[in-house]
Structures are given as structure tokens and as C-alpha cells.
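Q: Give me coordinates for this.
(one chain, ligands or ions: 1)
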Amino acid sequence: MYILDDGIRLNAKLDHPQGSSQKQPLLIIIHGFTGHIEERHIIAVAETANALGMATLRADMYGHGHSDGAFEDHNLFKWQNNALAIIDYARSLPFVSDIYLAGHSQGGLMTMLAGALKQDVIRGLLPLSPAWMIPEMARKGELLGQTFDPVHVPEYIGEWHDKRLKGNYARVAQMIRVEDAIERYDGPVLIVHGDADETVPYEYGIKAAKLYRHSDFVTIPGDTHCYDYHLEMVTEAVHDWLERQLTV
Ligand code: FER
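A: Residues are numbered from 1 along each chain as shown. This next block holds a predicted model:
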């Protein structure tokens with residue numbers, strides 16, 4: 001299934017809970033940088049929501065998975081527009097009641113930005129190990145473990161898993177003030193972060209949880225960026241938090 005964002009096809013999967021035909025809440029799940037909708041931790045979060053009677057919508061973002069666009073051309077403005085298209089698609093589904101938004105890493109940063117863009121339609125946010133240091137690092141000229149001149153950004157800023165990335169990614173990231181997005185979202189937020197995350201510093205999870213007005217924070221002790229050791233602790237935290245929101 002594709003969701004269209006101005007002619008760009010975003011590959012997406014809608015999963016329904018077993019045996020439910022009633023109106024139901026829906027959880028949108030956004031993957032991270034170089035990620036896609038079939039990653040182990042993305043599927044695990046979807047299955048957790050489905051088991052609670054929620055529908056889920058996973059979408060490959062621009063330049064990722066089986067969606068249109070080249071990886072090297074992706075940036076956070078394009079992803080924000082993708083998120084708007086995905087949320088509007090979810091709102092158009094007749095069986096959907098409340099919409100929740102989860103995302104991992106760069107997808108977690110997207111939940112923070114899209115949560116602000118659509119603050120009146122997103123019932124709850126779940127930034128998982130959110131990579132919200134990206135704009136700050138882009139302003140310093142440090143991304144992907146490589147440095148560049150942040151004022152005269154080169155055409156390409158480096159490689160990640162053999163994929164090149166254009167400097168426009170950094171130029172866009174430099175423009176984003178995540179604190180403003182945090183300030184604009186008043187709903188409930190669950191942040192989950194492994195304290196041995198090698199990619200996104202754990203401190204950013206703590207700091208985001210402090211800045212949101214209504215947040216819960218769960219530490220996954222000893223775990224990495226993609227939860228190599230305790231994915232079940234992540235899904236348990238997501239399960240318990242979503243269950244609480246559904247009964248309010
Ligand atoms: C970076 C660190 C982390 C970066 C991107 C990420 C573009 C995103 C990681 C993820 O989404 O898993 O320096 O630069």
C-alpha cells in the first residue's frame with residue numbers, strides 16, 4: 001500500500017488488531033535514519049499496539065525502505081511533510097479514533113516535530129531513543145561521526161552504511177529548533193532510552209523528558225540504540241503506557 005505525499009509514494013503497512021471491527025485508536029510508527037518498516041524493533045512496537053486493540057500504520061519515509069526518493073536527497077523537511085501526509089491519511093480512515101505517534105531515533109525526532117505540527121490531532125507521543133541532537137550537531141558541523149564546515153556545507157557530508165548523504169540534509173537540520181516543537185506539544189509523552197546507546201546520547205532522552213510538560217521516561221538498562229539486549233523491556237514500557245492512555 002502507498003500513501004501519496006505530493007506524488008511521492010510512501011510504502012506503508014496498516015495492521016489491524018485481531019477480531020476487531022469497532023472504531024479503534026491507531027499508532028503511527030516511524031523508523032530511523034537508514035531504517036525501514038520491517039526492522040525488528042519497529043515490528044515489535046506495532047505488535048505490542050495490535051495486542052492492545054490498536055491499529056498500526058508503519059510507513060517507509062522518503063529515500064528509505066520501499067518508498068520513492070533517493071537516500072542522499074532525504075532531509076528533515078521532506079520527512080516532516082511525509083509525516084503530515086501519513087497523519088492526514090490516518091485521519092481519513094473511517095475506523096480510526098485517536099491517533100498516537102511513535103518513532104525510533106531520527107523517527108523519534110520526527111515524532112517530536114510532527115507532534116508539534118499536529119499537536120491538536122496527536123493524542124500521545126512516543127519518541128524512542130529520539131535523535132533530537134541532530135539539529136544541534138548539524139549546527140556544529142558534526143554528523144555521522146564526520147566533521148564539516150557548518151557555514152559552507154559541502155555538497156556531500158559523508159557516508160553511512162555505504163550510502164552518501166547530501167549537504168542539504170545538514171542545511172535543513174541546522175534550521176530546526178526542537179525545543180520549540182517540545183514547547184508546542186502539551187499531550188502525554190513516553191520517552192524510552194537505553195543507557196548504553198552508542199548513537200544517540202542517553203542524556204538527550206532525559207533532557208527531552210524534562211522539557212515536555214506531561215512525560216514519562218523509561219530507562220532500558222545496559223541497552224543499545226536498537227535494543228539488542230532488552231527489546232522486551234521496550235515493548236513492556238510501550239504496552240503499559242499505551243494501556244494507561246487508552247483507559248483515561
Ligand atoms: C547522526 C547521529 C544519528 C546522524 C543521524 C543519526 C545524520 C540518526 C540515527 C538513527 O536514526 O538511528 O550524526 O546524522
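
Q: contacts and neighbour counts: CA atoms only from here.
A: OK.

Q: Please list the residues of this structure that sit near the ligand.
A: 32-33, 105-106, 131, 134, 143-145, 199 (C-alpha under 6 Å from any ligand atom).

Q: So which one of those is the model least confident about?
A: Among the residues of the chain next to the ligand, residue 144 carries the lowest pLDDT, at 84.

Q: Stretch 146-165: which residues count as buried?
A: 148, 150, 153, 157-158, 165 (16 or more other C-alpha atoms under 10 Å).

Q: Could you do stretch 164-181 as well?
A: Counting neighbours by 16+ other C-alpha under 10 Å, stretch 164-181 gives 165-174, 176, 178, 181 as buried.

Q: ok, now stretch 220-233?
A: 220, 223-227, 230-231, 233.

Q: Out of those, which two sit at the greatest distance?
A: Greatest spatial distance among these (C-alpha to C-alpha): 225 and 233, at 13.5 Å.

Q: thinking again about what came up before, would you mind putting the residues of the chain next to the ligand into CSV with neighbour count and secondary structure alongside?
A: Output for these, formatted as CSV (neighbours: other C-alpha atoms under 10 Å; DSSP: H, G, I helix; E, B strand; the rest coil):
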residue, neighbour count, secondary structure
32, 25, coil
33, 16, coil
105, 25, coil
106, 26, helix
131, 24, coil
134, 23, helix
143, 19, strand
144, 14, coil
145, 9, coil
199, 14, coil
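
Q: From the buried residues of stretch 220-233, which land in helices?
A: Judged by DSSP state H, helices contain the following of those: 231, 233.

Q: Turn the buried residues of stretch 220-233 into a markdown table, columns for distance to residue 12 and pLDDT.
A: Conversion of the buried residues of stretch 220-233 to a markdown table gives the following (distance: C-alpha to C-alpha, whole Å; pLDDT from 0 to 100):
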| residue | distance to residue 12 | pLDDT |
| --- | --- | --- |
| 220 | 29 | 98 |
| 223 | 28 | 98 |
| 224 | 27 | 98 |
| 225 | 24 | 98 |
| 226 | 21 | 98 |
| 227 | 23 | 98 |
| 230 | 27 | 98 |
| 231 | 23 | 98 |
| 233 | 26 | 98 |
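
Q: The residue of the chain most remote from its centre in helix, strand or coil?
A: For the chain, the largest distance from the centre (C-alpha atoms, centre = their mean) belongs to residue 152, which lies 28.8 Å off. Three-state call for residue 152 (DSSP: H, G, I helix; E, B strand; the rest coil): coil.

Q: wait, what's in contact with it?
A: Applying C-alpha atoms under 8 Å, 6 or more residues apart in numbering to residue 152 gives no contacts.

Q: Go again with 10 Å.
A: Going by C-alpha atoms under 10 Å, 6 or more residues apart in numbering, residue 152 touches 141, 167, 171.
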